[in-house]
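just need the structure, nothing else, for what follows:
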Amino acid sequence: MMKYCYTKLLFVFLLWLISTKTFSQVDTSFRQKKIKFSDYLSLVGKNNLSYIAQKFNVNIAEAGLETAKIFPDPQLDFGWFDNGQRRMNMGYGFNSGISWTLELGGKRKARIDLAKSETELNKFLLQDYFRNLRANATLDYLAALQNRLLLEVTLNSYKSMNDLAKSDSIRSKLGAITKVDAKQSKLEAGTMLNNVFLMEAQWKASLANLSQQLGARQTDSLFAPLGDFSGFNRNFSLTELILTAKNNRADLLAALQNKYVSQNLIKLAKANRVMDLALGTGITYASYDRNIIAPTPSFTQINAGISIPLKFSNNHPGELKAAYYNSLQIEVQYQQIELQIQNEVKQAYYHYSSAQKQVQQFHTGLLDEAKAILDGKTYSYQRGEINLLEVLIAQRTYNEVQQNYYQTLYNYSAALVELERAAGIWDINF
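Alright, predicted model coming up:
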C-alpha cells in the first residue's frame with residue numbers, strides 16, 4: 001500500500017513538472033496594455049493616421065473657399081521711351097498705368113458657391129470615412145477577442161492531451177498499456193502544440209492590427225482588448241432600418257451634396273461665358289523737344305479706357321456641355337447609391353438574423369454535451385475500457401464545437417457591426 005502511494009505521488013509530480021516545462025514554450029513575455037472598447041474607439045478617432053490624413057481634405061477645401069473670394073489682381077505698368085534722335089534733340093519721356101479686370105456675370109459669386117458646396121461635400125465624405133473606420137476598427141477588436149478565445153481552446157485541448165500523454169507514458173512503463181498507445185497520445189499532443197503556436201501567432205497579429213488602428217508605434221508592447229461577446233442582441237425592423245439608412249448614411253448625403261456641386265459647376269460655366277471688361281488708366285510724360293524745326297514744350301498726358309474682349313470662344317460651349325452632362329451623371333449615381341444602400345441594409349439584416357439563430361442553437365446545450373462526452377471517454381480510457389482512438393475523436397469533436405461556437409459568436413457580433421454600418425447608426429458598446 002505504501003509503495004502504491006509513493007508511485008502515485010511520483011506520477012503526479014512528474015506530470016506537473018513536464019506540463020510546466022512544456023507550457024513555458026508559449027511566448028507571453030511581451031507587454032500587454034489592456035484597453036476597453038470605449039477607450040479604444042475614442043483613441044481611434046483621435047490617433048488613427050489615415051483618418052487624420054483625411055481631415056486635411058476639409059482644410060484644403062476651406063482654403064479653396066478663401067481662394068474663390070479673391071478679386072482679380074490689378075496690373076501696374078511702367079514704360080520709358082527715347083525718340084532716338086539725339087542730334088535733333090527730339091527728347092524722351094515715360095508712361096505709367098494701372099489696369100484691372102472687372103468680372104461680369106456673377107463669376108466671383110459662382111466660384112464662392114462652388115467652393116462652399118465642395119467644402120460641405122468633403123465634410124460628408126469625412127463623416128463617411130469615419131463610419132467605415134469605426135466599423136473596421138470594431139471588427140479588428142472583435143477579431144482579437146475571438147483569437148484570444150480560440151488560443152485558450154487550443155491551449156486547454158493541448159493541456160488535456162499533454163496530461164494524457166504523460167499519463168500514458170508512465171502507464172506504459174508500468175505495463176498498463178502498450179507503447180504504441182503511449183506514442184500515439186504523445187504524437188497527438190505534439191500536433192496540438194503546433195496548433196497552439198499557430199493560434200498564438202494569429203492572436204498576436206490581431207493585436208498588432210489594433211496598434212495600427214490606434215496609430216501606436218511602440219514595438220515592445222501590444223494592446224489587448226477587454227470584454228466578451230455579450231451585449232450584441234438587438235431587434236430590428238427592416239423597413240425602419242432602410243428608412244434610417246436613407247436619412248443617416250453619410251455617403252448618400254455626400255451624393256446629394258455632389259448634386260449641388262454639379263449645379264454650381266453649371267452656374268460657373270455659364271458665368272464664364274459672360275465677357276469681362278478691362279478698366280485702365282495711365283499717365284504719359286514727354287520732355288521738352290528742342291528741335292529747331294518744330295520745338296515742343298514738355299507735356300503730361302492722362303488717359304483712361306475700357307477693353308472689351310471679343311468672345312469668339314462662346315461659339316464652342318464645351319465647358320457648359322461638360323458641366324451639364326456631369327450633372328446628369330451625378331443624378332444617376334445618386335439613384336444608384338440609394339439603391340445600393342437599400343440592398344446593403346437588406347443583406348446585412350438577413351446575415352444578422354441568420355447569425356442570431358445560429359447562436360441560439362448553441363444555447364441548447366451543445367457545448368455541455370460535447371464536454372460531457374469527452375470527460376466520459378477520457379475516464380473510460382483511463383480505466384482501460386475503450387481505446388485511445390475514441391478519446392481522440394471525442395477531443396476533436398469538443399474542439400470543433402468550441403471553435404464553431406466562438407466563430408459563431410464573432411460572426412454574430414460582426415453581423416451587427418455590418419448592419420449598423422449599413423444603416424448609418426451606432427450603439428455598440430461592450
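
residue 347: neighbouring residues, count only.
13 (other Cβ atoms under 10 Å). For the C-beta atoms, the positions are set from N, CA and C on the backbone; glycine is no exception.

which residues touch the nearest residue to it once chain neighbours are set aside?
Among residues not flanking residue 347 along the chain, residue 422 sits closest, at 7.8 Å (Cβ to Cβ, 6 or more residues apart in numbering). Applying Cβ atoms under 8 Å, 6 or more residues apart in numbering to residue 422 gives the contacts 241, 245, 341, 344, 345, 347, 348.

are any of these buried, and which?
241, 245, 341, 344, 345, 348 (16 or more other Cβ atoms under 10 Å).

tell me the spacing between the second one and residue 251.
Distance from residue 245 to residue 251, counting by Cβ to Cβ, to the nearest Å: 10 Å.

overlap in contacts, those two.
residue 341.

show me where the protein dips below the pLDDT cut-off.
1-30, 83-91, 178, 181, 288-295 (pLDDT under 70).

need the residue closest to the centroid of it.
The C-alpha lying nearest the average C-alpha coordinate of the chain belongs to residue 133 (Cα atoms, centre = their mean; 3.5 Å).

now do the helix or strand where that residue lies: which elements does it pack against?
Element membership of residue 133, judged by DSSP states H and E, is helix 107-173. In terms of contacts (3 or more Cβ pairs under 8 Å, 6 or more residues apart in numbering; DSSP states H and E), helix 107-173 is packed against helix 2-23, helix 37-47, helix 49-68, helix 179-213, strand 221-225, helix 250-272, helix 366-382, helix 388-423.

in the last one, what's buried?
Of the residues in helix 388-423, those buried by neighbour count under the rule 16+ other Cβ under 10 Å are 388, 390-392, 394-395, 398-399, 401-403, 405-406, 408-423.

what's near enough to touch residue 77?
The contact partners of residue 77, taken as Cβ under 8 Å, 6+ apart, are 95, 96, 97, 98, 99, 282.

from residue 120, how far out is the closest residue to the residue nearest to the centre of the chain other than its chain neighbours?
Nearest non-adjacent residue to residue 133, counting by Cβ to Cβ, 6+ apart: residue 51, 5.6 Å away. Distance, residue 51 to residue 120, using Cβ to Cβ: 19 Å.

could you do residue 56 as well?
To residue 120, residue 56 is 16 Å away according to Cβ to Cβ.

higher neighbour count, the two?
residue 120 (18 against 12).

the more buried one touches residue 257, doesn't it?
Yes - if you go by Cβ atoms under 8 Å, residue 120 and residue 257 touch, sitting 5.4 Å apart.

just the buried ones among the contacts of residue 422 now: which is nearest residue 277?
residue 341 (48.7 Å; Cβ to Cβ).

which element is that closest one on?
For residue 341, the host element (DSSP H and E) is helix 318-362.

return the distance of that helix from the chain's centre.
Distance of helix 318-362 from its chain centroid, counting by Cα atoms, centre = their mean, to the nearest Å, is 18 Å.

report the angle between that helix and helix 250-272.
Orientation note: helix 318-362 sits at an angle of 180 degrees relative to helix 250-272 (axes from the mean of the first three to the mean of the last three Cα atoms, to 10 degrees).

ok, the nearest residue to residue 176 once chain neighbours are set aside to residue 187 distance?
Of all residues not flanking residue 176 in the chain, residue 384 sits nearest, at 7.3 Å (Cβ to Cβ, 6+ apart). To residue 187, residue 384 is 20 Å away according to Cβ to Cβ.

ditto for residue 124
Where residue 187 is concerned, residue 124 sits at a distance of 60 Å (Cβ to Cβ).

tell me which of these two has more neighbours.
The residue with more neighbours, out of residue 124 and residue 187, is residue 124; 19 against 12, by other Cβ under 10 Å.

what's the distance between the more buried one and residue 229?
In terms of Cβ to Cβ, residue 124 sits 33 Å off from residue 229.

now do residue 56
For residue 56, the distance to residue 229 - Cβ to Cβ - is 37 Å.

pretty sure residue 76 sits in a helix.
No - under the criterion used here (DSSP: H, G, I helix; E, B strand; the rest coil), residue 76 is strand, not part of a helix.

that one bridge partners, please.
Beta-bridge partners of residue 76, counted by DSSP bridges, are residue 98.

residues near it, how many?
Neighbour tally, residue 76, other Cβ under 10 Å: 11.

that one reaches residue 280, doesn't it?
No - the criterion here is Cβ under 8 Å, and residue 76 misses it with residue 280 at 10.6 Å.

find residues that contact each of those two.
97, 98.

how much space between the closest residue to residue 410 other than its chain neighbours and residue 192?
Nearest residue to residue 410, sequence neighbours excluded (Cβ to Cβ, 6+ apart): residue 146, at 4.2 Å. As defined by Cβ to Cβ, residue 146 lies at a distance of 19 Å from residue 192.

cool, and residue 298?
108 Å.

which one's more surrounded, these two?
Of the pair residue 298 and residue 192, residue 192 is the one with more neighbours under other Cβ under 10 Å, namely 21 against 11.

quick check: that one touching residue 153?
No - between residue 192 and residue 153 there is no contact under Cβ under 8 Å: 10.8 Å.

so which elements touch the host helix or strand of residue 284?
Here residue 284 sits within strand 277-286, counting by DSSP H and E. On a contact count with 3+ Cβ pairs under 8 Å, 6+ apart, strand 277-286 meets strand 92-102, strand 299-307.

reformat those strands as a markdown table; add mean neighbour count and distance to residue 113.
Formatted as a markdown table, the helices and strands packed on strand 277-286 follow (neighbours: other Cβ atoms under 10 Å; distance: least, Cβ to Cβ, whole Å):
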| stretch | mean neighbour count | distance to residue 113 |
| --- | --- | --- |
| strand 92-102 | 15 | 20 |
| strand 299-307 | 10 | 28 |
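
who wins for proximity to residue 216 among those?
Closest approach to residue 216 among these (Cβ to Cβ): strand 92-102, 53.2 Å.
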